[in-house]
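Visitor: Fold the following and give me the result.
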Amino acid sequence: MKKVHFISIGGSAMHNIAIALHKLGYIITGSDDEIYNPAKDKLAHFGILPEKTGWFPEKITPELDFVILGMHAKSDNPELLRAQELGIPIYSYPEFIYEFSKHKHRVVIAGSHGKTTTTAMVIHVLNHCGRKFDYLIGGEVKGLSDSCHLSEDSYLIVIEGDEYPASCLDKRPKMRIYQPHILSISGLAWDHANVYPTEEIYLQQFRDTVQAQVRGTNLILNADDKKAKKLEELHVKDSHVILYETPKYKVKDNIYHYFLNDEDIPTKVIGKHNMINIEAAYKICRKLSVPTEDFAKAIATFEGAGKRLEKIYESANTVVYRDFAHAPSKVKASVDAVYELYHRTSWSFTQGHDIVAVLELHTFSSLSKNYLPQYEDSLKQADYKIVYVSDAVLANKGENLTDIFIQDAFGDRKIQICRTPEQLRQTLQKINAPKMAYLFMSSGTFDNTDVLSLIQK
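Guide: Residues are numbered from 1 along each chain as shown. So this is what the prediction gives:
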């Protein structure tokens, strides 16, 4: 059986791929300079957690069939240098996934926002239909035990296509490497400013990906997104372009209803953006020969991707959502979703909630002075707007963001800026309304704080 070593095994995709190969019988070793949960516990459960953190070039031996290199590793990594010295084949994880699946039908779901949820929807529908397939998704999904499943005999693989570079040796965006037969792009909005310092450079990654596709590719684009739709002009000769747009939907009794060929389908997800995600999933599933009636039955039972507008608490007067949103387009979509579902209207003033939006600036992009103005009006629909900026995290990023600079970047001097968990707790405790809908948004942890403890009086 093949022996494989993972450099940076603790990465979100890396540890899941390692576990998937372990289940196939591969002999797995790995290293990393830091491994956090859930990766740590999952690797330990399968007996492939490194005994200690750090880099150990002695682990790189001629007996290895190949090495999988995570993007966290630098070009001077001692294990990488040893593998190069010995001439051992080295793959980034998207290169490996392509090599593993090059005889399979490959579906790649990409875009600046919505790709995790859309991928989760497609996986859910295919599972509901009893289809045999492989997959790789970047987040946790309710009802799905693994974020990666690989097999030797399935003909189909569904992949969430990240636009981030593959590794220190390969700066191509991951989505470009997979060479999909079906490529879906949900929408485009500048992100990853640490790698793509301008919007133009960022958008070019998607243009290059579309132009790199082989003849016969099915290119599925969100026609409501002007930048995504413009990619239609670049499609390869003899490829097929499929456009989708916001479907008909309604909100009734706090439930979003999606209409498919005039059939009213109550869903378990919220927000206009998720109705658009369902439409994308439908277009993809139809190209995979999923009958419309089967899709309708399956999507009605989809509960959402983990940490994507996840309801973590509800009482008669309070509802709390936790969301992974951090990029501007994602933040706006999440705030708009909670607003549309819960806010007071002229006909239900006593029924609605005040919307309390709390956003943690945690990523490199969100803490960059050049990028921060992209957040303008992203919190506009909330009644109470709070931005959390950890002084400790900010110090590591080397930026000096004053309260006024942050407020002006968001376009609202009324936004409250909090720097510590205690300050955030005090700010939230002062809010008093008959009914409140809280939305906590971050790819971080609010300095390891239980968000429910912040609102409990």
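Visitor: Below-threshold pLDDT in the protein: ranges please.
Guide: 344-351, 396-398 (pLDDT under 70).
Visitor: Pretty sure S239 is one of the things G216 touches, is it not?
Guide: Yes: assessed by C-beta atoms under 8 Å, G216 is found in contact with S239 at 6.2 Å. All C-beta atoms are positioned from the backbone trio N, CA, C, and that covers glycine.
Visitor: Neighbour count: the two, which is higher?
Guide: Shown here are G216 and S239; by other C-beta atoms under 10 Å, S239 has more neighbours (16 against 11).
Visitor: so the more buried one sits right up against N218, yeah?
Guide: Yes: in this structure, S239 is within contact of N218 by C-beta under 8 Å, at 7.2 Å.
Visitor: in which helix or strand would I find Q84?
Guide: Per DSSP states H and E, Q84 falls inside helix 78-86.
Visitor: what does the next helix or strand after that helix rub up against?
Guide: Sequence-wise, the next helix or strand downstream of helix 78-86 (DSSP H and E) is strand 90-92. The contact list for strand 90-92 (C-beta atoms under 8 Å, 6 or more residues apart in numbering) reads 66-71, 80, 83-84, 99, 166-167, 169-170, 174, 177.
Visitor: between these, which is nearest G111?
Guide: Nearest to G111 out of the contacts of strand 90-92 is K174 (C-beta to C-beta; 13.0 Å).
Visitor: Could you check how many residues crowd around that closest one?
Guide: 29.
Visitor: Show me the helices in the stretch 351-457 of the chain, by range?
Guide: For the stretch 351-457 of the chain, the helices defined by DSSP state H, counting those that start in this stretch cover 391-397, 403-410, 421-429, 451-455.
Visitor: possible to save those as JSON lines with distance to M436?
Guide: Converted to JSON lines, the helices of the stretch 351-457 of the chain look like this (distance: least, C-beta to C-beta, whole Å):
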{"stretch": "helix 391-397", "distance to M436": "27"}
{"stretch": "helix 403-410", "distance to M436": "21"}
{"stretch": "helix 421-429", "distance to M436": "10"}
{"stretch": "helix 451-455", "distance to M436": "8"}
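Visitor: Out of the ones you listed, the one nearest H113 is which?
Guide: helix 403-410 (18.5 Å).
Visitor: Surely P50 is in a helix?
Guide: No: P50: not assigned to a helix; according to DSSP: H, G, I helix; E, B strand; the rest coil it is coil.
Visitor: who touches it in this structure?
Guide: Listed by C-beta under 8 Å, 6+ apart, the contact set of P50 reads I9, T29, G30, S31, D32, I35, L43.
Visitor: can I get these in CSV with distance to A280?
Guide: Listed next are the contacts of P50 as CSV, based on distance: C-beta to C-beta, whole Å:
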residue, distance to A280
I9, 32
T29, 38
G30, 34
S31, 38
D32, 34
I35, 34
L43, 33
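Visitor: Pretty sure V335 sits against S378.
Guide: Yes: counting by C-beta under 8 Å, V335 does reach S378; the two are 6.8 Å apart.
Visitor: which SS class is the nearest residue to I177 once chain neighbours are set aside?
Guide: Once flanking residues are discounted, I177 sits nearest to P94: 4.2 Å by C-beta to C-beta, 6 or more residues apart in numbering. Here P94 is helix, with the state taken from three-state DSSP.
Visitor: Pull the number of nearby residues for P94.
Guide: Neighbour tally, P94, other C-beta under 10 Å: 27.
Visitor: any idea how far it is from L136?
Guide: In this view, P94 and L136 are 9 Å apart by C-beta to C-beta, to the nearest Å.
Visitor: Next, the contact list for the residue nearest to I177, please.
Guide: A166, K174, M175, I177, Y178.
Visitor: Return the subset of those lying in strands.
Guide: Using DSSP state E, the members of the contacts of P94 that fall within strands are A166.
Visitor: What about the contacts of P94, which one has the most neighbours?
Guide: K174 (29 neighbours).
Visitor: surely that residue meets D162?
Guide: Yes: look at K174 against D162 with C-beta under 8 Å: they come within range, at 4.4 Å.
Visitor: Redo the contacts of P94 as a markdown table? Include distance to K104.
Guide: Listed next are the contacts of P94 as a markdown table, based on distance: C-beta to C-beta, whole Å:
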| residue | distance to K104 |
| --- | --- |
| A166 | 19 |
| K174 | 17 |
| M175 | 17 |
| I177 | 15 |
| Y178 | 10 |
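Visitor: Going by distance to N16, which of the contacts of P94 wins?
Guide: Using C-beta to C-beta, K174 is the member of the contacts of P94 that lies nearest N16, at 14.2 Å.
Visitor: Next one: that closest one from Y93, what distance?
Guide: 8 Å.
Visitor: which residues are common contacts for these two?
Guide: A166.
Visitor: what sits against H72?
Guide: S8, G10, G11, D32.
Visitor: out of those, who's nearest T198?
Guide: Among the contacts of H72, and counting by C-beta to C-beta, the member closest to T198 is G11, at 26.6 Å.
Visitor: dump the residue contacts of that closest one.
Guide: D32, A39, G70, M71, H72, Y93.
Visitor: what about 6 Å?
Guide: For G11, the contact set (C-beta atoms under 6 Å, 6 or more residues apart in numbering) comprises G70, H72.
Visitor: Same check on the one 3 residues further on?
Guide: Neighbouring residues of M14 by C-beta under 6 Å, 6+ apart: F6, S8, G70, Y93.
Visitor: Surely T246 and I278 touch.
Guide: No: taking C-beta atoms under 6 Å as the definition, T246 is not a contact partner of I278, at 10.4 Å.
Visitor: between these two, who's got more neighbours?
Guide: The neighbour comparison of T246 against I278 (other C-beta under 10 Å) goes to I278, with 26 against 13.
Visitor: List the backbone torsions phi and psi for Y135.
Guide: The phi/psi pair for Y135 (degrees, to the nearest 10) reads phi -160, psi 160.
Visitor: How about E99?
Guide: Main-chain dihedrals, E99, degrees, to the nearest 10: phi -60, psi -40.
Visitor: excluding its backbone neighbours, what's nearest it?
Guide: Nearest to E99 is Y91, by C-beta to C-beta, 6+ apart, at 6.7 Å.
Visitor: repeat for M1
Guide: M1's closest residue in space is G25 (C-beta to C-beta, 6+ apart), at 5.1 Å.
Visitor: Based on its surroundings, how many neighbours for the one you found?
Guide: With other C-beta under 10 Å as criterion, G25 counts 10.
Visitor: Quick check: it vs L221, distance?
Guide: Distance from G25 to L221, by C-beta to C-beta: 40 Å.
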